[in-house]
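J.: Here is the input, now give the coordinates:
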Amino acid sequence: MADPAMSVSPYWGLTFDADGDVDGWERQRLFAGAADRGVRDLVVFAHGWNNDRAVAARLHSRFFAPIPDLSPAARIGYVGVVWPSIRFPDEPVPDFPRWASDGTAGAGLDKDTRHALLETFPGRAVMIEQLARLLEQQPCERAELEEFGRLVRLLVEVVPPGPQLLFAADTLAEGVPQNEPGIFSQPTASVCDDFARALAYLQSPGGTAGFTPPGPWKGAHELLRQATYHAMKRRAGTVGERGLGRVVGQLAAAAPWLRVHLVGHSFGARLVSFALRGLPRGVRTVKSVTLLQGALSHYVFAARLPHDARATGVLQGQQNRVDGPLVCCHSRHDSALGTLYPLASRPAGDARSVAAVDIGRALGPRWGALGHDGVRAVPGTRAVTLAEALLTPLPRSGCVNVDAAAVVRRGGPPSGAHSDIVHPELARVVLRAGRVR
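T.: You can find the predicted model right below:
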């Protein structure tokens, strides 16, 4: 039976917990339903930062909505991947009502943000209340700001137990994850000051001309935001490799005729990328991967980093697990990935100043993201505009960068166009990448 709240049918939800364990009943329902409904192409969409199941379902529905009319003869099934992630309620999302909030960034934590943090980090209520109190009071003592940084590190478990550290890595140096982000090891005052400057720049209509250096507490809220996203980054890798990758492998055994097309937004792009590493050996059922504003390093698939011959991308070569192209849609209007991501990703050893405010130039390309400028350092990668992607055939294999800035362009600070992905043009890219007819 069709879900009345969903724009397409047949649709199946697939829910994973933080360890990558899937809801068994949903998995069996998908396996049986895909066979019963005669599905040939299965489009699997993973949301990014978002801790509300209902909002995730609305995103899936809105993105999938144009597909039946774009490919009316195809036998398509749809899967919405739901995983435990978080979005701060003060972030505007194009095409969706802004979440209610009774506070402002940098002035404590409003009730919705507290609720989101409690849901995402269960058992940490006391710690979250301490963070909220410090954000509200903004004490002038430097020691209090450092205490805020210590609590943030404890909240997100910067160095988790077991192998989960690998799921947060983007690059490896001689097989070992490269340095943890400097936001967790540098003095908190310095980190908060950098974030405050970046936010002031993004929110200033005149750019550097209208820029006024703020105090470090103005960046403390952003430190907490980026720290929680670091935890989501780790979780997305875990759910992708240990969860979705295994399910796709099981699906290939149960329904070998199915052609699977993986689509991910933001950290959902990280999730579906790590799912490639979780595929059982020999599985070739994934016919395309489309990454929408992917929140992972633009070097993640590289065999060698241009600035460090010892280093590789943590997913080097995984694009070859796709029996088709890996398409990366990117936009220069995504300030979450163009400004805040490199600032949050640079390791402790990179002490370059961001006094120039333009983070992209201040830090260079080392810590850039796929969703801002596409796949880098992978030989043979093609680069096309969105118009070209919609008019000419996409390559049958390898990495393809699609400049989607023509449509991915709306959104306010601090994230810019990061979540502006509900466009029929992007749905068409998914179909063209998978040669769905």
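J.: tally of neighbours for residue 281?
T.: 6 (other C-beta atoms under 10 Å). Where C-beta positions appear, they are placed from N, C-alpha and C, glycine not excepted.
J.: Low-confidence stretches in this structure?
T.: 1-4, 50-51, 90, 92, 95-107, 159-165, 174, 178-179, 205-214, 347-365 (pLDDT under 70).
J.: Now the residue nearest the centre of it. Nearest residue, chain neighbours left out?
T.: Geometric centre of the chain, nearest residue: residue 267, 1.8 Å, by C-alpha atoms, centre = their mean. Spatial nearest neighbour of residue 267, excluding adjacent residues (C-beta to C-beta, 6 or more residues apart in numbering): residue 236 at 4.2 Å.
J.: repeat for residue 370
T.: Nearest one to residue 370, counting by C-beta to C-beta, 6+ apart, is residue 294 at 3.8 Å.
J.: The one you found should be in a helix, yeah?
T.: No: counting by DSSP: H, G, I helix; E, B strand; the rest coil, one finds residue 294 to be coil, located in no helix.
J.: residues touching it, list them.
T.: 264, 266, 269, 270, 273, 328, 330, 369, 370, 371 (C-beta atoms under 8 Å, 6 or more residues apart in numbering).
J.: From the residues you listed, list the buried ones, please.
T.: Neighbour counting with 16 or more other C-beta atoms under 10 Å marks 264, 266, 269, 270, 273, 328, 330, 369, 370, 371 as buried within the contacts of residue 294.
J.: Please narrow these to those residing in strands.
T.: 264, 328, 330 (DSSP state E).
J.: Tell me how far residue 130 lies from residue 154.
T.: From residue 130 over to residue 154 the distance is 10 Å, taken as C-beta to C-beta, to the nearest Å.
J.: Would you mind telling me which of the two has more residues around it?
T.: Ranked by neighbour count (other C-beta under 10 Å), residue 130 and residue 154 place residue 130 first, with 16 against 13.
J.: returning to that earlier point: isn't the residue nearest to the centre of the chain up against residue 230?
T.: No: Residue 267 is beyond contact range of residue 230, at 10.4 Å (criterion: C-beta atoms under 8 Å).
J.: if we can go back for a sec, quick check, nearest of the buried ones among the contacts of residue 294 to residue 119?
T.: Comparing those against residue 119 with C-beta to C-beta places residue 266 closest, at 18.4 Å.
J.: That closest one contacts residue 49, doesn't it?
T.: Yes: between residue 266 and residue 49 there is a contact at 6.0 Å, judged by C-beta under 8 Å.
J.: Alpha carbons of stretch 414-421, as PDB, please.
T.: Extracted as PDB, the C-alpha positions of stretch 414-421 are listed here (Å, rounded to 0.1, in the frame of the first residue of the first chain):
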ATOM      1  CA  PRO A 414      25.800  30.100   7.900                       C
ATOM      2  CA  SER A 415      25.200  27.200   5.500                       C
ATOM      3  CA  GLY A 416      24.300  29.000   2.300                       C
ATOM      4  CA  ALA A 417      23.000  26.700  -0.400                       C
ATOM      5  CA  HIS A 418      24.100  23.500   1.300                       C
ATOM      6  CA  SER A 419      20.500  22.200   1.600                       C
ATOM      7  CA  ASP A 420      19.100  23.600  -1.700                       C
ATOM      8  CA  ILE A 421      18.900  20.200  -3.400                       C
END
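J.: Show me the contact partners of it.
T.: The contact list for stretch 414-421 (C-beta under 8 Å, 6+ apart) reads 48, 63, 91-96, 199, 202-203, 222, 265-266, 292-293, 331, 333-340, 371, 407-411.
J.: on contacts alone, who are the packing partners of the lengthiest helix in the chain?
T.: The longest helix of the chain (DSSP state H) is helix 220-238. Judged by 3 or more C-beta pairs under 8 Å, 6 or more residues apart in numbering; DSSP states H and E, helix 220-238 is in contact with helix 111-120, helix 125-137, helix 142-156, helix 165-168, helix 188-203, helix 267-278, helix 341-345.
J.: quick one: it to helix 267-278, angle?
T.: Helix 220-238 and helix 267-278 meet at an angle of 30 degrees, taking axes from the mean of the first three to the mean of the last three C-alpha atoms, to 10 degrees as the criterion.
J.: pretty sure residue 149 contacts residue 182?
T.: No: using C-beta under 8 Å, residue 149 is not in contact with residue 182; the gap is 11.7 Å.
J.: what is in contact with these two at once?
T.: Shared contacts of residue 149 and residue 182, counting by C-beta under 8 Å, 6+ apart, come down to residue 191.
J.: hang on, the earlier thing: most tightly packed of the helices and strands packed on helix 220-238?
T.: Neighbour counts (mean count of other C-beta atoms under 10 Å) averaged over each of the helices and strands packed on helix 220-238 peak at helix 267-278, with a mean of 28.
J.: Which strands and helices lie in contact with it?
T.: Counting contacts by 3+ C-beta pairs under 8 Å, 6+ apart, helix 267-278 packs against strand 41-46, helix 220-238, helix 245-254, strand 259-265, strand 286-292.
J.: Can I get those in CSV including distance to residue 427?
T.: Formatted as CSV, the helices and strands packed on helix 267-278 follow (distance: least, C-beta to C-beta, whole Å):
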stretch, distance to residue 427
strand 41-46, 9
helix 220-238, 22
helix 245-254, 21
strand 259-265, 9
strand 286-292, 10
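J.: which one of these lies closest to residue 120?
T.: Closest to residue 120 of the helices and strands packed on helix 267-278, according to C-beta to C-beta: helix 220-238, at 6.8 Å.
J.: contacting residues around the closest residue to residue 383 other than its chain neighbours?
T.: Take residue 383 and drop its neighbours on the chain: the residue closest to it by C-beta to C-beta, 6+ apart is residue 401, 4.5 Å away. Counting by C-beta under 8 Å, 6+ apart, residue 401 touches 328, 330, 374, 375, 381, 382, 383, 384.
J.: Assign residue 401 to helix, strand or coil.
T.: The three-state assignment at residue 401 reads strand, by three-state DSSP.
J.: most remote residue from this structure's center?
T.: In the chain, by C-alpha atoms, centre = their mean, residue 141 is the one farthest from centre (35.2 Å).
J.: and that residue, what is it in contact with?
T.: With C-beta under 8 Å, 6+ apart, residue 141 has no contacts at all.
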